[in-house]
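Enquirer: Sequence first, then the predicted structure, then my questions.
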Amino acid sequence: MDSFDTGRLIYLALLGLMVCAWFFAQNRLSTNKLLQQAAVWGLIFLGAIAAFGLWEDIRQTVRPQQTVFADQGKIVVPRSPDGHYYIAAEVNGAPVEFVLDTGATTLVLTREDAAAAGLAPDSLNFTSRAMTANGEVRTAPVRLDSVTIGPATDEDITAVVNGGEMSQSLLGMTYLQRWGKIEITGGELTLTR
């Protein structure tokens, strides 16, 4: 610690001591109330310090993020609190968050994600049908210029746009088969090229 930091520390300590002395002098007749307020503010202060110090752990627990190991051709996706595996990708250069779904046959885009990727959902032909957990839905077959996940970019990808209500785009088996290895262990899904 240099002399500038030492001077600032002494100044802050004296300022804090003066504020505390004033506070005690003002409230000398109601000591119990003073101690209660001091305890509450102390706990708030400690809670703020703890939250700041643990923020990275809290954020990773609430909203886990994928890790990309570009040199190894590997992507590790942690299981989210709802039990699904979410992966960030780019479709035709537009960011899209997918649910990895080994039960889905193909890559399925929501209408919103299709529009973000430069496809015009209103002009698509929803001539195909697919059976989902919610029943039958109409789909429109499309070809995507590119899908990028981490360091891996695949071009000319077959996909469908879901004509029904769907909250999240799905990364299905026709795309997942492009990866050499899919492994789920210890609450993490690993994709390896």
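Expert: Okay, I see it. If you're wondering where the values come from, they're calculated on a predicted model, not measured in any experiment.

Enquirer: can you pull the contacts of T127?
Expert: 138, 140-141 (Cβ atoms under 8 Å, 6 or more residues apart in numbering). C-beta here means a position set from N, CA and C on the backbone, and glycine is covered the same way.

Enquirer: For this protein, which element, helix or strand, carries the lowest mean pLDDT?
Expert: helix 55-62 (a mean of 59; mean pLDDT, DSSP states H and E).

Enquirer: domains in this structure, as residue ranges please.
Expert: As recorded under automatic domain parsing, the domains making up the chain are 3-53, 65-192.

Enquirer: Lowest mean pLDDT across those domains, which one is that?
Expert: In terms of mean pLDDT, the lowest-scoring of those is domain 3-53 (a mean of 77).

Enquirer: For PyMOL, write a command that selects the buried ones of the contacts of T127.
Expert: Entered in PyMOL, the line below selects the buried ones among the contacts of T127, by 16 or more other Cβ atoms under 10 Å:
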select buried, resi 140
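
Enquirer: would JSON lines of the contacts of T127 with distance to P95 and secondary structure be doable?
Expert: Putting those into JSON lines (distance: Cβ to Cβ, whole Å; DSSP: H, G, I helix; E, B strand; the rest coil) gives the following:
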{"residue": "R138", "distance to P95": "26", "secondary structure": "strand"}
{"residue": "A140", "distance to P95": "21", "secondary structure": "strand"}
{"residue": "P141", "distance to P95": "23", "secondary structure": "strand"}
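
Enquirer: thinking again about what came up before, quickly compare the domains of the chain and say which is most buried.
Expert: Among the domains of the chain, the stretch with the highest mean neighbour count (mean count of other Cβ atoms under 10 Å) is domain 65-192, at a mean of 16.
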